[in-house]
Structures are given as C-alpha cells and as structure tokens.
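Engineer: here you go, sequence then predicted model.
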Amino acid sequence: MLFLTYLINGISLGSVYAIIALGYTMVYGIAKMLNFAHGDVIMIGAYIIFFMIYKFNLPILLSIIISILICLLLGIIIERLAYKPLRKASSLSVLITAIGVSYLLQNLAQLFWTSSNKIFPNIISNGSFSFGSISISYLTIITILVCLLIMLVLTLFVNKTKIGMAMRAVSEDKDAARLMGINVDRTISITFAIGSGLAAIASALFCAAYPAVYPTLGSMPGIKAFTAAVFGGIGSIPGALVGGIMLGIIETLSKAYISTQLSDAIVFAILIIVLLIKPTGLLGRKVNEKV
Amino acid sequence: MKKLFTILIVVMCMFSMTACSSSGNSNNNNNQANDVQAIKIGGSGPTSGDYAEYGNAVKNAAQLAVDEINALGGVQFVLNFQDDQGDPDQAETAFGTLMDWGMQLSLSTTTSGAGIRVSPLYEENKIFAMTPSGSNPLLTLKGDGNNENDYYGNIFQMCFTDPNQGIASADYISMNNLGSSIAIIYENDIDYSVSVYNKFMEQAKNLGLNVVYEGTFVDADTDFSVQLTAAQQAGADLVFLPIYYKHATYILNQANTMNYAPIFFGVDGMDGILGQDGFDSSIAEGVYLLTPFSATSPDSNVQHFVSEYQSKFGSTPNQFAADAYDVVYAMYECVKAGNITADMSAQDICDAMVNQILSLTFTGVTGESKWQANGQVTKVPMAVVIHDGAYTDPQ
C-alpha cells in the first residue's frame, strides 16, 4: 500500500516534468536546438501569474491566459534577438547563446523583482480523490490531463495542419523546405512561440505543486525535464510524457527505498544506461544519416 | 532592431543606477556624548543595501541601550556604528575607521561573513568584542572551527552558534515534551543545516529522544512527498526542520496537502517564513521556532524594551535588535563590576572585560546567558509558536 502511495507521488512529480519536457522536445524536434532558456521562461510565466493575481486581482484563468500570451511574445522576442542572427552558425554557438539568455532572464528577474521568495497562489483546490487508503490529489489528475491534452493537440497540430506540415518539413531538411517555398524563419519563430506558451502552462502547474517563485526557479526543473525529454527520446512528443513520468517514478522510488541522498545519482545512472542501450531514447526515432 | 537593443540597454543601465542611488543611506554618527569621559563602543553592520534591516535593528537597539545607560548617570558610553553592508571588505574598512576613532569596546559585526574577516583583527589589536548576531562558530574559533579549544579569547557571541541551535532545540523539545517520535528533514548540501543536525542528534541521544526518521534533500529539491510520507509512516509527531524557510514553505505546503499535521520545529533559518509575499500563514499555524527572543513575552524587561523601541523607531524589535540591546547591557554589567573607566587603554579594558564576562550571569531580554572561554554563549532555549500569522508565546 505504501508502495502505491510512493508510485502516485512519483507519477505526480513526473507529470510536472513531462509538461516542461514537452516544451524542450517541441523546439528540439523542429528547430534542432536545445533551448536552455526554457526553464527561465517558466520562471517569468510564474511571476506574471503571481502579479496578475495579487497586484491586479484578476481571476486565475485569465491570469494564466495573459501569462501564456506574454510568454508567447517573450519566446518570439528571444528567438528574434538571440537565435535568429545565429541561424547559420554552428549548433554549439546557439547552445551557448541559449545559456546566455537563460542567465539574462534570471538576472533581469532578480533586478526587477528581487531574489526573495514570492508564494504562488493556490490555484487548484487542495482536495483529493480517495480509493481506499490511496488518495490522488486533484492537482495530479489535472496535471496529467492537461499533459495528455497538450500532447494530443500538438500531435494533431503537427500532423494535420499546414503550419505543422511546414514544421515537419523544416525539421527534415531546412534547405529543401526553403526551396519548396516554406518560410523557414517564420516556421521556427512559430515553434518558439508555441514552446514558450507551453512554458507558461507548465509554470502554472509546476507552481501549483511547488508554490515558491524566485529568479532561479526554472533551472533545476529545466534540467530534470530536459533529462526526461532525452530519456523519452528528444523530439518525440509522446516520448516527453513517457520520459517525464518514468523519471518522476524512478526518482521517488529511489528516494523512498534506496536513499534520499543518492536519488539524483540513480536517476542519471539509469539515463546513461538507457542511452547506452538505446541511443535515441525510449521512443526516439532512428534517423539514418546519408553520407 | 539594433536601435531597439540599444534603447533596451540604456533603460537597463538607468534601472541599475537608480537601484544604487536609492540604497545610499545617510550615515549619522552619534557623537553627542563625546565631551563626557565616555567609553567608546564601536561596531558595524549593514545599515544600507540588501541586509539593511539587520544592521539597522542592531544599530537602533544598541543606541537605545546606550542612551538608557547614560541617563542613569554612572558609566557613560558612546556608540559609533559603521555601515559595512554585510561585506567583509567593508567591515575591514569600518574596523580601521573605528580604530582611528579610538574604539575601546566593540559589537564586532552584525553578519557572520563580515565577522569572520575582522575577528583576527580584534585579536591582534586586543579589543574586547561581542557580536550580537554573528552565529557562525568561526567568529570566536580559530582554524576551521572544529576545535572548540582553539579560540580568539576576546571575542564573544550573544546568540547561539549555528550548531548549538541543534543542542538547544533538543533541550527545548525534551523539556517541554513536544514530541514522542521525532523525524528530521535536513539539507545535506549546506554546513548550516548539517551542523545543526549533527549537534541535535548528539543531544537527542543524551536526552533519550526517540528519533524515528531522518531524511535529507539538496537545495534544488522542491518535492518532499517521499520524506513526509516516510515520516508519517514512521509515526513521527514532531518534525525537526533545521533548514531555511524556502524549503520549509514547500514542506508545510505538501504536509498540508497530504493531511499530515505533526508539530514542525524550526531554528533561525525558518525566521522570515511569514514575510514572504503571498504566504498563506494558515499552513504555518502551530509551527515552533527556536529563538532567543519573543516580543510578545510577558517578561517586564522585554515589555520595557519593546515599548521603548517601538516608540523611538516605530517598529517591533526583532531578535537582532534584542541581541544588540543585551550586548550593550552585558558590557555595562562587566564595566561596573570590573571598575572599568574610559581613561584605561583598550588592551587593559579587554583583559578586565574577559575576566568579568566569564564569571557573569547576565539576565536580559534574550533570557539568562553565561559565556564559555571559547566565546560561545549558553542560555536557556526559548521558542515561539506561529499563531494566526504571528509569533506568539507558546503557552
């Protein structure tokens, strides 16, 4: 019975990782770059929701929608200012720039909002469903449902719409896509906008579970979620969900049964083993490079 | 696009400049008693910048005590409190300024980092110093602080050292029968938490406290469901949290979600939990905090101090203020008992003060204190309990 409690704790932690991982995997899958500033966009999203609710007394849902819109805009601005000029540069330069953007956002947040904690409002009621002695909080259920919904919408979007088709084309071969008349720059900008919008949703769910907002809020969940995305197969949308939940379960169970001190070491050891056996991650596609 | 970027940078520069200029604070020395033969007390702390709250509390309370003592007629003090912004370099500069002024006694520094830098200077110049709030053992101990018999000898503390809070917490829990089964959750990547935990465990063993679960976490952790579930399964009715309030907030929130309501017991790192923007104080209801000082205590000394402080400075004194107030009064007791006068050299005063302080039993607003030769204080532990979003006396 205790095992089940831990398992549910793990799923609930994992569903939060999964929702952040979706943002990483989406951008990587299409733009082929690791947007390390993703975690910091989550932080900005959390601050915006906090201020909308406390300073402007807006309703919760409206605050989240405003946060999504602002993050969307932020995503486009970051892409235009920091990544677009480097479109033809090596992927290493883009990676370093992403780290730079991440620090820039953290320091700006510290400058404007100070480093002291702000406590995120209680946006989802604390109750839970009980099954015998096991209880699952509403938050966990909502997080998983939102995660599944986003996954579904993204998959449909990428596979069925015209922009989605353009995204897949850009992902396959940028130059060929350009020759076919696809506006590659715009497609990548849209991808960033969507990724940043997802970050705002993730910030609402992450902070509902762990309600403290501070400038470095995004870094650790960002790294964990990135790990989850790699674990599930980076670029694969269902992979992010599977990777996130697996990561949450492994972390929780190793904390519970092995050691609270070693849990992170165990998580990353398992990641290494998975990547040794299956280099593309659990659900990753194998791409044959033509020489 | 380039223009936009330039504008952005200019705006950012302007912001950072206004941030600097607004933090500059006037530095008024209170030299009004200079014409009388007064003993010169120096000290430094952050009276501007991020930690200004602490330095100003110390400065105000020390000045209050000096004024009260001077009004009594006998011994006269004069206080010169410098701004060091909590920064070791500036504390060293402040020390030089104070030496030039002719400092004879000192409140050392308000913050630990600055104090660690100036302690060797106080030893070298043989100035008696007592820090109100510097809680790191390295303020009074030499080397790496692990040898309690290797100390400066002329530097004392008014507050508990960090590790000694572990002993005091165990004492308090045992004396008041707060918990029969105790769980501990501590942060194993910072010295502060680990050292309190180690001392707590030692003392818990001596006192026969029943520790049923020990869990750890690191700074980046936000999820404590495993530790809390395990503590609950182990039947813990008290959870000891020698950690900072950031993680304590997560823990209280998650315990509340899972309907686990033991007594939570924190140390000074927990102080500040109620001051966070948007904090729902209902989740902290009933949380105990080890503290040397409670402004709501019915004790007549405390009530006198609180009302005087409030009428002069318009705010309720915190523990930094209480510690500083006690330091000045403890110095006053020693000066009286040792017949110390302002015309003695700082070195003679230092010897006489050390003699007096080691035999002194001082009763102040932070309780009854005695000092060991290594500079550390022993006092009866006190705690407050959070009720309706405020610290109250646990009765």
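Structural biologist: Looks like it came in fine.
Engineer: how much space separates B:Q395 from B:H387?
Structural biologist: Going from B:Q395 to B:H387 by Cβ to Cβ, to the nearest Å gives 11 Å. Heads up, the C-betas are built off the backbone N, CA and C, glycines and all.
Engineer: the two: which is more packed in?
Structural biologist: Neighbours per residue (other Cβ atoms under 10 Å in any protein chain shown) separate B:Q395 from B:H387, with B:H387 holding more: 16 against 6.
Engineer: low-confidence ranges, chain A, go.
Structural biologist: Within chain A, the stretches with pLDDT under 70 are A:286-291.
Engineer: identify the single longest helix in it, thanks.
Structural biologist: Secondary structure of chain A per DSSP state H: the longest helix is helix A:2-31.
Engineer: next SSE downstream of that helix?
Structural biologist: As assigned by DSSP states H and E, the chain's next helix or strand after helix A:2-31 is helix A:38-54.
Engineer: now that following helix and helix A:2-31, what's the angle there?
Structural biologist: Relative orientation of helix A:38-54 versus helix A:2-31 (axes from the mean of the first three to the mean of the last three Cα atoms, to 10 degrees): 110 degrees.
Engineer: after helix A:38-54, which helix or strand is next? Please name it.
Structural biologist: helix A:60-78.
Engineer: mind listing what's buried in that following helix?
Structural biologist: In terms of neighbour count (16 or more other Cβ atoms under 10 Å in any protein chain shown), helix A:60-78 has its buried residues at A:60, A:63-64, A:66-68, A:70-72, A:74-76, A:78.
Engineer: just the residues you listed now: which is nearest B:N259?
Structural biologist: Checking the buried residues of helix A:60-78 against B:N259 with Cβ to Cβ, the nearest one is A:I60 at 23.6 Å.
Engineer: any idea how far B:D277 is from A:V153?
Structural biologist: 34 Å.
Engineer: more neighbours: which of those two?
Structural biologist: B:D277 (14 against 10).
Engineer: that one bridge partners, please.
Structural biologist: Here B:D277 sits in beta bridges with A:K118, going by DSSP bridges.
Engineer: please report how far it lies from A:C207.
Structural biologist: With Cβ to Cβ as the criterion, B:D277 and A:C207 are 13 Å apart.
Engineer: find residues that contact each of those two.
Structural biologist: With contacts taken as Cβ atoms under 8 Å, 6 or more residues apart in numbering or on different chains, B:D277 and A:C207 have A:F50 as neighbours in common.
Engineer: near chain A, which residues of chain B show up?
Structural biologist: Contact residues, chain B versus chain A (Cβ under 8 Å from any Cβ of the partner chain): B:1, B:5, B:12, B:15-16, B:19, B:188, B:215-218, B:220-223, B:225-227, B:229-230, B:233, B:245-246, B:249-250, B:253, B:256-258, B:276-280.
Engineer: the stretch 51-200 of chain A: helices as residue ranges?
Structural biologist: Taking DSSP state H, counting those that start in this stretch as the test, the helices found in the stretch 51-200 of chain A are A:60-78, A:91-113, A:138-160, A:162-172, A:174-179, A:184-209.
Engineer: and if you look at the stretch 151-300 of chain B?
Structural biologist: B:162-175, B:191-207, B:225-233, B:245-257, B:300-313.
Engineer: B:I283: what's it in contact with?
Structural biologist: Contacts of B:I283 by Cβ under 8 Å, 6+ apart are B:L252, B:N253, B:N256.
Engineer: out of those residues, who has the most neighbours?
Structural biologist: B:L252 (27 neighbours).
Engineer: got the angle for whichever strand or helix holds B:K370 vs helix B:300-313?
Structural biologist: Taking DSSP H and E as the definition, one finds B:K370 inside strand B:367-371. Relative orientation of strand B:367-371 versus helix B:300-313 (the same axes, to 10 degrees): 100 degrees.
Engineer: touching the next helix-or-strand element following strand B:367-371 from outside, list them.
Structural biologist: Toward the C-terminal end, the helix or strand that comes next after strand B:367-371 (DSSP H and E) is strand B:377-379. With contact meaning Cβ under 8 Å, 6+ apart, strand B:377-379 is reached by B:156-160, B:292, B:366-372.
Engineer: quick check on those residues: which are buried?
Structural biologist: Among the contacts of strand B:377-379, the ones that count as buried by 16+ other Cβ under 10 Å are B:F156, B:Q157, B:M158, B:C159, B:F160, B:P292, B:T366, B:G367, B:S369, B:W371.
Engineer: which residues touch the fifth one?
Structural biologist: Contacts of B:F160 were listed using Cβ under 8 Å, 6+ apart, and they are B:S135, B:A168, B:P292, B:Q376, B:V377, B:K379.
Engineer: coming back round to it: now distance to A:I250 and mean pLDDT too, for the helices of the stretch 151-300 of chain B, in TSV please.
Structural biologist: Shown next, in TSV, are the helices of the stretch 151-300 of chain B (distance: least, Cβ to Cβ, whole Å; pLDDT from 0 to 100):
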stretch	distance to A:I250	mean pLDDT
helix B:162-175	33	92
helix B:191-207	26	92
helix B:225-233	12	92
helix B:245-257	20	90
helix B:300-313	52	94
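Engineer: between these, which one is closest to B:V335.
Structural biologist: Relative to B:V335, the nearest member of the helices of the stretch 151-300 of chain B by Cβ to Cβ is helix B:300-313, separated by 19.2 Å.
Engineer: packing partners for the closest one?
Structural biologist: helix B:52-71, helix B:319-337 (3 or more Cβ pairs under 8 Å, 6 or more residues apart in numbering or on different chains; DSSP states H and E).
Engineer: residue in the stretch 51-200 of chain B nearest to chain A?
Structural biologist: Among the residues of the stretch 51-200 of chain B, B:N188 lies nearest to chain A; the distance is 6.3 Å by Cβ to the nearest Cβ.
Engineer: output the helices of the stretch 151-300 of chain B in JSON lines; the columns should cover distance to B:S359.
Structural biologist: Shown next, in JSON lines, are these (distance: least, Cβ to Cβ, whole Å):
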{"stretch": "helix B:162-175", "distance to B:S359": "21"}
{"stretch": "helix B:191-207", "distance to B:S359": "26"}
{"stretch": "helix B:225-233", "distance to B:S359": "44"}
{"stretch": "helix B:245-257", "distance to B:S359": "38"}
{"stretch": "helix B:300-313", "distance to B:S359": "21"}
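Engineer: how about the buried residues of helix A:60-78, which pair is most distant?
Structural biologist: The farthest-apart pair in these, when distances are taken by Cβ to Cβ, is A:I60 and A:I78, at 26.3 Å.
Engineer: got the domain ranges for chain B?
Structural biologist: B:39-160+B:299-379, B:164-291 (automatic domain parsing).
Engineer: which residue lies nearest the spatial centre of chain B?
Structural biologist: Nearest to the mean C-alpha position of chain B, counting by Cα atoms, centre = their mean, stands B:S133 at 3.4 Å.
Engineer: tell me who's in contact with that residue.
Structural biologist: Counted by Cβ under 8 Å, 6+ apart, B:S133 has contacts B:Y54, B:V58, B:T110, B:T111, B:M158, B:C159, B:Q319, B:F320, B:D323, B:A324.
Engineer: hang on, the earlier thing: nearest to A:M167, of the domains of chain B?
Structural biologist: The nearest among the domains of chain B, by Cβ to Cβ, is domain B:164-291 at 32.5 Å.
Engineer: what's the first-to-last distance across the closest one?
Structural biologist: 12 Å (Cα to Cα, to the nearest Å).
Engineer: re the thing from before, which single one of the contacts of B:F160 is nearest to B:N125?
Structural biologist: Distances from B:N125 to the contacts of B:F160, taken by Cβ to Cβ, are shortest for B:Q376, at 21.8 Å.
Engineer: how much space separates that closest one from B:Y122?
Structural biologist: 16 Å.
Engineer: kindly report the same for B:V194.
Structural biologist: B:V194 is 28 Å from B:Y122, by Cβ to Cβ.
Engineer: now do B:H247
Structural biologist: For B:H247, the distance to B:Y122 - Cβ to Cβ - is 35 Å.
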